[in-house]
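> Sequence isn't available, so here's the structure alone:
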């Protein structure tokens, strides 16, 4: 907590915390934004995994139908002032388990296509238990090009620690591969109690051998509101596992594409978060605009009610100071291990080196970054530092935000120090 407070104060040059409040305009100003991503949240699951912190409920057909109608309306409300279609980089469906609304996804994609031109494809998260020929055929016919499978681990002992059952994960991943999706991401978790280097290595090799073009490897983080029976490995142990993970992927000849993702050479990437700006639709979805960050309500009932009243379901809004927006950009760009100077200037309106030149000079001296033309590239040393800071950020900021939002549909204010 002390570390993030110090970094926030030093980088923003202010003691002012991040303040999210309930005041907002009933519109989205995104028509002039570049590199705009789209995200749709489907909050339904067959069962609730102990470790999962995301906004989700058990699937109910009637609720899902009502939710779909509200979702279609929210998209229209957000886009009501558009005079023509807007170019978007990509569209991602997350959850929850989007496949539980497989027949409704077609309508949602059609609605998105009424307002946007998707350039880099459509991605969908899948739970292994939902993978079968019928689902994959429908996703293909709906224009889906990228699949992310929530494997977490191929080891039955590790899965039990996460509160999950094994469901022929290797065979399910192979089936996805047979359908020829352009990108196949396998989500893995490291730092699970009882997990050792050999188990992690086997997970990585099995994922790639079974057809994954990319693996996303996230550290096990124990959210305060999760129902975990087991605690993650220590920070020191997770740091060692991340270094080992990187070494294994180097030996396999795959590229490190972010702090926690690795992809086969010459393949496209699955990433729903590394966008300069994005629009989020559905409960708990977030939106990042030029000068603000917005969060939708976590309550499905209140989400539907709000949208039925012709109001956007925004729960909280953070209006950035210029330096806060700059720090936010740097933080999430750093995750992809490269920071674009030109993109920074386009969004912030000030050259990066003018605002943070001394910091980047110092980082270069310590071997944290390499300056190459338009980009600052982060080194392996920087990836380890980021890995540590991101976990602190998650437990200090995201945990608090999501925990309050789970309990209160429309909080008056949340202050993140």
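Received the coordinates, thanks. None of these values were measured; they are calculated from a predicted model.
> Could you say which helix or strand holds residue 391?
Using DSSP states H and E, residue 391 sits within helix 380-393.
> Measure how the very next helix or strand once past that helix sits relative to helix 380-393, angle-wise.
Heading C-terminal from helix 380-393, the first helix or strand you meet, by DSSP H and E, is helix 399-407. Interaxial angle of helix 399-407 relative to helix 380-393 (axes from the mean of the first three to the mean of the last three Cα atoms, to 10 degrees): 40 degrees.
> which strands and helices sit next to helix 399-407?
Identification of packing neighbours for helix 399-407 by 3 or more Cβ pairs under 8 Å, 6 or more residues apart in numbering; DSSP states H and E yields strand 413-416. C-beta here means a position set from N, CA and C on the backbone, and glycine is covered the same way.
> strands paired with the strand it packs on, and their directions?
Using DSSP bridges, strand 413-416 pairs in its sheet with strand 18-21 (antiparallel).
> mean confidence for the partner strand?
On average, the pLDDT along strand 18-21 is 87.
> Show residues contacting the helix holding residue 391.
Residues from elsewhere that reach helix 380-393 (Cβ atoms under 8 Å, 6 or more residues apart in numbering): 1, 3-4, 7, 219, 221, 235, 238-239, 242-243, 246, 256, 259-260, 331, 334-335, 337, 363, 366-369, 378.
> Identify each buried residue in that helix, please.
Residues of helix 380-393 classed as buried: 382, 383, 384, 385, 386, 387, 388, 390, 391, 393 (neighbour count, 16 or more other Cβ atoms under 10 Å).
> Just the buried subset of the contacts of helix 380-393, written out for PyMOL, thanks.
Buried residues among the contacts of helix 380-393 (16+ other Cβ under 10 Å), as a PyMOL selection:
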select buried, resi 4+219+221+238+239+242+246+256+259+260+331+334+335+337+363+368+369+378
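> okay, how far is it across stretch 318-325, tip to tip?
End-to-end distance of stretch 318-325: 10 Å, with Cα to Cα, to the nearest Å as the criterion.
> in that stretch, what counts as buried?
Buried, per 16+ other Cβ under 10 Å, within stretch 318-325: 318, 319, 320, 323, 324, 325.
> do the same with stretch 94-103
94, 95, 96, 97, 98, 99, 100, 101, 102.
> Can you list which of these are found in helices?
residue 102 (DSSP state H).
> Looking at the buried residues of stretch 94-103, which is nearest residue 354?
Proximity of the buried residues of stretch 94-103 to residue 354, judged by Cβ to Cβ, is greatest for residue 94, which lies at 36.3 Å.
> isn't that closest one right next to residue 125, touching?
Yes. Contact criterion Cβ atoms under 8 Å: residue 94 and residue 125 qualify, at 4.9 Å.
> before we move on, back to that, as JSON lines, the buried residues of stretch 318-325 with secondary structure would be great.
Below are the buried residues of stretch 318-325 laid out as JSON lines (DSSP: H, G, I helix; E, B strand; the rest coil):
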{"residue": "318", "secondary structure": "strand"}
{"residue": "319", "secondary structure": "strand"}
{"residue": "320", "secondary structure": "coil"}
{"residue": "323", "secondary structure": "helix"}
{"residue": "324", "secondary structure": "helix"}
{"residue": "325", "secondary structure": "helix"}
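> Can you add pLDDT and distance to residue 33 and give these back as CSV?
As requested, the buried residues of stretch 318-325 are exported to CSV (pLDDT from 0 to 100; distance: Cβ to Cβ, whole Å):
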residue, pLDDT, distance to residue 33
318, 92, 17
319, 92, 16
320, 90, 14
323, 89, 20
324, 89, 18
325, 91, 13
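> And the residues you listed, which is closest to residue 149?
Of these, the one sitting nearest to residue 149 (Cβ to Cβ) turns out to be residue 318, at 32.6 Å.
> Could you check how far residue 353 is from residue 342?
Remark: distance between residue 353 and residue 342 (Cβ to Cβ, to the nearest Å) = 12 Å.
> ugh, wrong one, I meant residue 350
12 Å.
> related to what we said a few turns ago, out of residue 353 and residue 342, which sits in the busier spot?
residue 353 (16 against 12; other Cβ atoms under 10 Å).
> Setting the sequence-adjacent residues aside, check what's closest to the more buried one.
Leaving aside its sequence neighbours, residue 353 sits nearest to residue 360 (Cβ to Cβ, 6 or more residues apart in numbering; 6.7 Å).
> so the host helix or strand of that neighbour versus helix 380-393, what angle?
Element membership for residue 360 (DSSP H and E) is helix 352-365. Per the same axes, to 10 degrees, the angle that helix 352-365 makes with helix 380-393 is 110 degrees.
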